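Student: Please find the sequence and the predicted model below.
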Amino acid sequence: MMAVAIIEHGGPMVLKPEERPVPKPGNGEILIQVKAAGVNRPDVAQRKGTYPPPPGASDLPGLEVSGIVAAIGEGVERWRIGDEVTALTPGGGYAEYCLVHGTNALPIPHGFTFTEAAALPETFFTVWHNVFERGGLQSGETLLVHGGSSGIGTTAIQLASQFGATVIATAGSAEKCEACIRLGAARAVNYREEDFVLAVKEATEGRGADVILDMVGGGYVDRNYAAAAMDGRIVQIAFLSGSKTEVDFSKLMVKRLTHTGSTLRPRSVEFKAHIAAELEAKVWPLLAARKIAPVMDTIFPLREAWRAHERMEESSHIGKIVLDVA
Ligand SMILES: NC(=O)c1ccc[n+]([C@@H]2O[C@H](COP(=O)([O-])OP(=O)(O)OC[C@H]3O[C@@H](n4cnc5c(N)ncnc54)[C@H](OP(=O)(O)O)[C@@H]3O)[C@@H](O)[C@H]2O)c1
């Protein structure tokens, strides 16, 4: 099969097409003939050498795919050859065939194309766990989401709004802020022009945000504590501005804040199966009804994955970048 590999750590041009053997499904696994693969910021970090694949995972990048079940391992009951699925993978998505655990695959939501379906798993699994399970976001509460126009951000805005929360998003341009508002954010803050702490205080009549989903870290940690409401929950999913910073922890104590975080990729297949089941029950009907949908930025051919990484690193995209495996 053709796959796009990371031949050495470095810039986008280290992503090169090469021939690889088609993998064989083991116990509980299915082989997917990939039709489309989602591109995520962690793929960029893997390419640069700062986010190595967990033990046992493919060395190929790619954390989500959609396609057709081509072979089935022992012990898989749900799927048949020919089924159309979208799935979370621990790696290996940038290829014509990809192995996933059967329980980490979901049916393609009714009416979705393969490219749309490939844009779902990584951000929906991540947002579901971090915003609703770790952050415990409730209807009527306020969510502050940084990087509102990212793949993660566009998913968080839509899901939180659908489940009855008020969303405030931050983003780096007027165009990105407009996109956040169109997706359901009540307020979007261009962080290059406005202080998000003041904006959150203003929008919540001084109360602050109940849950904050943060991928920025650095100087945002202290400011998140300032923007949080009493008993607020701050969930860290990345540190795009660095993981070392100075923080005044007194706000954490006085406001009874919870600061937590997680990474999805190294979690067990059982844990991911639990999120898949939650999403299928609670979110897949919203997708089928088009009440929410992935925001599609650009689609590139798999062979030109380097262009997809270049676009992601320019950071002018809004929503998801996807690779088409024609
Ligand atoms: N923990 C987990 O399980 C998990 C899972 C998936 C993804 N993630 C993380 O979540 C983040 C979003 O992922 P994604 O795939 O949605 O990425 P993405 O679409 O490339 O989004 C990154 C966003 O961050 C904003 N940003 C803010 N400060 C930044 C900085 N200092 N450097 C670069 N970008 C900055 C960018 O836009 P503006 O600055 O213009 O607003 C951009 O919208 C990534 O950091 C990724 O590693 C974590």
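Tutor: Arrived safely, thanks for sending.
Student: isn't residue 211 right up against residue 146?
Tutor: No: if you go by Cβ atoms under 8 Å, residue 211 and residue 146 don't touch, sitting 11.9 Å apart. In this view, the C-beta of every residue, glycine as well, is placed from N, C-alpha and C.
Student: Point me to the helix or strand that includes residue 38.
Tutor: For residue 38, the host element (DSSP states H and E) is strand 29-39.
Student: sec struct for the residue nearest to the spatial centre of the chain, please.
Tutor: Nearest residue to the geometric centre of the chain (Cα atoms, centre = their mean): residue 123, 2.4 Å. Classification of residue 123 by DSSP: H, G, I helix; E, B strand; the rest coil places it in helix.
Student: What residues does it make contact with?
Tutor: Counting by Cβ atoms under 8 Å, 6 or more residues apart in numbering, residue 123 touches 40, 151, 152, 154, 155, 294, 320.
Student: all helices for the chain, in order.
Tutor: Under the criterion DSSP state H, the chain contains helices at 41-48, 114-118, 121-127, 151-162, 174-182, 196-203, 220-227, 250-254, 269-282, 284-288, 305-314.
Student: Show the average pLDDT along the third one.
Tutor: Helix 121-127 shows a mean pLDDT of 98 in the predicted model.
Student: Check stretch 30-46 too.
Tutor: Stretch 30-46 comes out at a mean pLDDT of 98.
Student: start to end distance for that stretch?
Tutor: In stretch 30-46, first residue to last residue: 24 Å (Cα to Cα, to the nearest Å).
Student: Also stretch 96-113?
Tutor: This stretch, stretch 96-113, spans 17 Å end to end (Cα to Cα).
Student: what does stretch 316-326 give?
Tutor: Taking Cα to Cα as the measure, stretch 316-326 stretches 26 Å from start to finish.
Student: Stretch 177-196 too?
Tutor: Span of stretch 177-196 from end to end, Cα to Cα: 13 Å.
Student: Same check on stretch 107-116?
Tutor: Start-to-end, stretch 107-116 (Cα to Cα) is 13 Å.
Student: Near the ligand, which residues of the protein are found?
Tutor: 40-42, 122, 126, 147, 149-152, 171-173, 176, 215-216, 237-238, 240-241, 262-264, 312, 315 (Cβ under 6 Å from any ligand atom).
Student: Filter these down to the buried ones.
Tutor: Listed as buried from the residues of the chain next to the ligand are 40-42, 122, 126, 147, 149-152, 171-173, 176, 215-216, 237-238, 240, 264, 312; burial here means 16 or more other Cβ atoms under 10 Å.
Student: For the helices of the chain, give me CSV that also has distance to residue 54.
Tutor: Converted to CSV, the helices of the chain look like this (distance: least, Cβ to Cβ, whole Å):
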stretch, distance to residue 54
helix 41-48, 11
helix 114-118, 21
helix 121-127, 15
helix 151-162, 20
helix 174-182, 32
helix 196-203, 33
helix 220-227, 26
helix 250-254, 30
helix 269-282, 12
helix 284-288, 27
helix 305-314, 21
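Student: Could you give me the buried positions within stretch 32-45?
Tutor: Result for stretch 32-45 [16+ other Cβ under 10 Å]: buried residues 32-44.
Student: Could you tell me the end-to-end distance of that stretch?
Tutor: Using Cα to Cα, one end of stretch 32-45 lies 25 Å from the other.
Student: How about stretch 132-150?
Tutor: 18 Å.
Student: could you give the mean pLDDT of that stretch?
Tutor: Average pLDDT, stretch 132-150: 98.
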